[in-house]
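J.: This is a predicted model, with the sequence first.
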Amino acid sequence: MGTLIGVDYYPEHWPRERWEVDAKLMREMGVDMVRMAEFSWSALEPAEGEFNFGWLDEAVSLLAGYGIKSILGTPSAAAPEWIISENPEIQPVDYEGRIRYFGGRHHNCQSNQEYRKHIKRYVTAFAGHFAGNPDVIGWQIDNELGNSHKDLCMCPSCEGRFREWLKEKYGDIKTLNEKWGTTFWSQGYQDFSRIHAPKITVTGHNPSAVLDWKRFCSDLIVEFHQFQSAILRAAAPEKFITHNMMGFADKVNYFDLGEDIDFSSHDQYPVGHFHAVHNISRADRLAAELDLIRGTKNRSFWIMEQQSGISGWEVLGRAPKPGQLGLWATQSIAHGADAVVFFRWRACAMGTEQYWHGILPHSGAPGRYYEELKEFSNKIKPLLEELQGTVPKAKVAFVFSYDQLYAIDIQPHHPDMSYVSHLMVYYSAFFDRNIPVDFIQENADFSMYDLVVAPLQYIMTAKLGEKYKEYVRGGGSIVLTMRAGVKDDTNLCRTEAPLPACGLGELVGLEVHEYDCLRGIDNRVLWEGERYVCKKWCDIIRLAGARGLAVYDSEFYAGTPAITVNSYGEGTVYYVGTEPGKELAARLVEEFMSNRDLCSLGESPADVEIAHRRGDGKDYIFVINHTGDSKTVRIPEDWAPYYEEQSGEVKPFSTDVYIK
């Protein structure tokens, strides 16, 4: 059996005499691997060029004696103090021009060449030392790239790299001025050298400049990763490289980052202390993030940090209820995870994460979390072995675009509007009907899918518009939503035609000359005599060949179309001119299902998810009860139970598995 279940381990936090106790407990729990060293730079290089790999050698060897392999992380997310003292310019600069000082993590500028020299020296020595060790099976580069860097870094080094990036993109300053629309507010530039990072201003920033800054930051992070991966691959080409991503985090384009790794990994925290709401099910959001990570390489992935206890820094999240730790890990597996690594092995007694609890409490004595995960591990590993490399099979795809995400973040229109929240309205409706979904890039092969959902296509290019037309002409169905075709790829408003511009008007068979931002109110939509809530925005639509499905039921545009359908070539286009409420989104999915014969995996009560992975000629079907009550699910006759004790009555916070 391979490496399937793991833990994130920090042996340097504990006395050596404890290490073997931990290894024994891990083996008894069913742990196959550990991730170590991603925050251990000061312990591994206490002074420049003085490498102290001995203690890590000892830990790797001791764990290997218990059949546990190691994944080692490069520690560039936390430069040691001696580097910062030697090169204080490495510290990042924020939106307000303030230095973010040493004392936390991610206190570094990723473009700084002095920092790159330190990283190159360390990673070269690190990779060379462990390259020949068969008990080290792979590398994780850095940790959660983009985390803590929301408005970082805007130092002189990053500004210099930004200018180089812009010059390569635009060629000359005249072109940049045209593409950024700098005649507005007298913002024209005479030379690339005079462009700065978009720090705090008296009023709002130029949206075109900010969009390019966000793109640049993503490209810089990808290049920073490539800088390290090249060293690791040269030293140990047989070892895998991965990175722990963070779902819908927006600092770096994960599709781009995914090109540089062997498989994607993800950090999954269902009830993290950073979530605003702790008492409702987030199963749909968790599923969506897993599906996105699977989509970054269109293959199975790993969970590198799966919640294993209460999370917390200064404040704490909710305690996982009995059964939830295994439930959350099983949901990750159901959506394509080939391995689950739990964060963390033991709650730390020091530093910022003292209250980020692990499988073991501060005392190190095994308790409920340990016993639950021991039972989970023993039960899931035979199944997980069978599932290796398999993925869910979907006929519905969501086009996920970081450009759209960035542009809507810059100008959200409505205070509560966001790209991800709008996307989730639709995703949740499919999730509630147990219809599998893939996330794809704009350059993906749409022909693999019966229905493509492309929310908020705010930034539109002629190439993408033609791709949508080609897909629909060939018989596909597509869903476009409000604010489609508003901007070009430099974030300037399109002026060549009524909305939706860039040729989309022909595709959807309508025009939008007016719209209404719903500030402080909701609206209503009338569809075949039924009224539904809609939110945030209303496009005021004029039909130009499309057929209205639903109309607005209030405001001065009552009676005008809100949702339309248009035949184009052999296919069908839906246009939704508003953000649907939950009931309206459900009605839309019913419409899509009737038009495209989309198949649900099965009917289930609320908060009971049905997911699947397809193996060699068979489906593995997961019935996941996210509630604290037993739930009855009608099981089709052709579903064979994977576990003997299953009956269709799914226990609280548990999962039944079937084979079809």
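T.: Cool, the structure landed. Numbering: from 1, shown residues only.

J.: C-alpha from now on. contacts and neighbour counts both.
T.: Fine.

J.: Which residue ranges of the stretch 251-400 of the chain form strands?
T.: Secondary structure of the stretch 251-400 of the chain (DSSP state E, counting those that start in this stretch): strands located at 265-268, 301-307, 337-343, 396-399.

J.: Could you export those as CSV, including mean neighbour count and mean pLDDT?
T.: As requested, the strands of the stretch 251-400 of the chain are arranged in CSV below (neighbours: other CA atoms under 10 Å; pLDDT from 0 to 100):
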stretch, mean neighbour count, mean pLDDT
strand 265-268, 26, 98
strand 301-307, 27, 98
strand 337-343, 28, 98
strand 396-399, 22, 98
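
J.: closest one to residue 283 among those strands?
T.: Judged by CA to CA, the one of these that comes nearest to residue 283 is strand 265-268, at 11.6 Å.

J.: just the CA coordinates of the closest one, formatted as CSV?
T.: Output in CSV follows, covering the C-alpha atoms of strand 265-268 (Å, rounded to 0.1, in the frame of the first residue of the first chain):
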residue,chain,number,x,y,z
SER,A,265,-2.0,19.9,-3.3
HIS,A,266,-4.6,21.8,-1.2
ASP,A,267,-5.1,23.0,2.4
GLN,A,268,-8.7,22.3,3.6
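
J.: before we move on, the earlier item: I'd like the strands of the stretch 251-400 of the chain as a markdown table, with distance to residue 94 appended.
T.: Formatted as a markdown table, the entries for the strands of the stretch 251-400 of the chain read as follows, by distance: least, CA to CA, whole Å:
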| stretch | distance to residue 94 |
| --- | --- |
| strand 265-268 | 26 |
| strand 301-307 | 28 |
| strand 337-343 | 30 |
| strand 396-399 | 32 |
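
J.: so how far does stretch 612-625 reach from one end to the other?
T.: Its first and final residues considered, stretch 612-625 spans 14 Å by CA to CA, to the nearest Å.

J.: If we go by neighbour counts, what in that stretch is buried?
T.: Buried positions in stretch 612-625, judged by neighbour count with 16 or more other CA atoms under 10 Å: 612, 613, 614, 615, 619, 620, 621, 622, 623, 624, 625.

J.: hey, where'd the helices end up in the stretch 251-400 of the chain?
T.: Along the stretch 251-400 of the chain, the segments classed as helices by DSSP state H, counting those that start in this stretch run 254-258, 283-297, 324-334, 368-387.

J.: strands paired with the helix or strand encompassing residue 563, and their directions?
T.: Using DSSP states H and E, residue 563 sits in strand 561-568. Paired strands of strand 561-568, with direction, are strand 547-552 (antiparallel), strand 571-576 (antiparallel) (DSSP bridges).

J.: Highest mean neighbour count out of the ones you listed?
T.: Comparing the strands paired with strand 561-568 by mean neighbour count (mean count of other CA atoms under 10 Å), strand 571-576 ranks first with a mean of 23.

J.: Other residues contacting it?
T.: Under the criterion CA atoms under 8 Å, 6 or more residues apart in numbering, residues 471-482, 507-508, 562-567 lie in contact with strand 571-576.

J.: what about burial for these, which qualify?
T.: Buried among the contacts of strand 571-576 (16+ other CA under 10 Å): 471-473, 475-482, 507-508, 562-567.
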